[in-house]
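>>> Everything below, folded, please.
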Amino acid sequence: MSIRHPSAARILSGLLTAGLAATVLVGCSTPGTGGSTDASEPAFKANEVSGGDAPQSIPTYKRKVGENLDPISGSNDSWKPEVTIPASNDPAVPSSLVFHDVRVGEHADFYRVVLEFKKDPSADQSKDAEENPWEANLEWVDAPITLGKGDAMDSSGKAFLDVNVGRSAMPVTPELEELYFAGDKTIKIGPLEVLVDGTVEDQTHVVIAMDQKHPLQAGFLTRPARLVIDVKK
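Here you go, the predicted structure:
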């Protein structure tokens, strides 16, 4: 029996076809993306560092050219020397809260301070939000002092924004202690220094020390419950 061997032309044709197929497959995949093309970057929401995390440096974040985060009011025309935050009756906010974290961030035109709260698991959450609105008070003071004893708080700042947030539960049980803020008592970013006092009775108290008084914006956010304070550069 005679054996027919494939011609050189046929072998070359097969190799070229296989090479073309491999090239097409490689072209459909982007290295490091699992075969998918590059997705657009997430919105530039925060170069934030948490007070519960040890590092004081701000992590780098890539953002699109020209993209920037808006201040809490959504407008650059709303900066004021003093701010009053309307009380919130949003039913999404628990009627009793646990002070959980402090985050700071730097953006193109302002610095941001965020106080985050968790739901108090030990409290009766059936209270009517209309009867127990969530409130925060921000005012400039001459010097930072603790809420309970009135002791001086150490700071090199020259202007001090006193911040008190209601609906706060003191960490009087192991369950609440586990949720309660356990980070640094002083958190710095730019010319700002957040001095964490803590919770006394139903008020969480922090002071934002600055190099001078800056225009402000502030407001509440939900899910999770947060107080956001923006400080214009």
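>>> Give the buried residues for the strand or helix carrying Gly219.
Secondary structure from DSSP states H and E places Gly219 in strand 216-221. The neighbour-count check on strand 216-221 (16 or more other C-beta atoms under 10 Å) flags 216-220 as buried. Heads up, the C-betas are built off the backbone N, CA and C, glycines and all.
>>> From those, pick the one nearest Glu201.
When those are compared for distance to Glu201 (C-beta to C-beta), Phe220 wins out at 20.4 Å.
>>> OK, contacts around the closest residue to the closest one other than its chain neighbours?
Closest residue to Phe220 apart from its sequence neighbours, by C-beta to C-beta, 6 or more residues apart in numbering: Ser88 at 4.7 Å. Residues in contact with Ser88 (C-beta atoms under 8 Å, 6 or more residues apart in numbering) are 129, 133-135, 220, 222.
>>> quick one: which of those residues has the most company?
Among the contacts of Ser88, the one with the most neighbours (other C-beta atoms under 10 Å) is Trp134, at 23 neighbours.
>>> Quickly note the distance from that one to Asn76.
26 Å (C-beta to C-beta, to the nearest Å).
>>> now swap in Ala136 and tell me
In terms of C-beta to C-beta, Ala136 sits 22 Å off from Asn76.
>>> neighbour-wise, which of the two wins?
Ala136 (23 against 13).
>>> Touching, that one and Leu221? I think so.
No - using C-beta atoms under 8 Å, Ala136 is not in contact with Leu221, being 11.9 Å away.
>>> Can you check which residues contact both of those two?
Counting by C-beta under 8 Å, 6+ apart, the residues touching both Ala136 and Leu221 are Leu227.
>>> which one among the contacts of Ser88 gets closest to Ala143?
Glu135 (23.8 Å).
>>> show me the contacts for Lys232.
Neighbouring residues of Lys232 by C-beta under 8 Å, 6+ apart: 71, 79, 109-110, 214-217.
>>> Could you rerun that using 7 Å?
79, 109-110, 214-215 (C-beta atoms under 7 Å, 6 or more residues apart in numbering).
>>> Give me the buried subset of those residues.
79, 110, 214-215.
>>> Which segments of the protein make up each domain?
The record's domain split for the chain, according to automatic domain parsing, is 7-37, 48-232.
>>> Mean neighbour count, those: which tops it?
domain 48-232 (a mean of 17; mean count of other C-beta atoms under 10 Å).
>>> By mean pLDDT, which helix or strand of the protein comes out lowest?
Counting by mean pLDDT, DSSP states H and E, the weakest-scoring helix or strand in the chain turns out to be helix 8-27, with a mean of 41.
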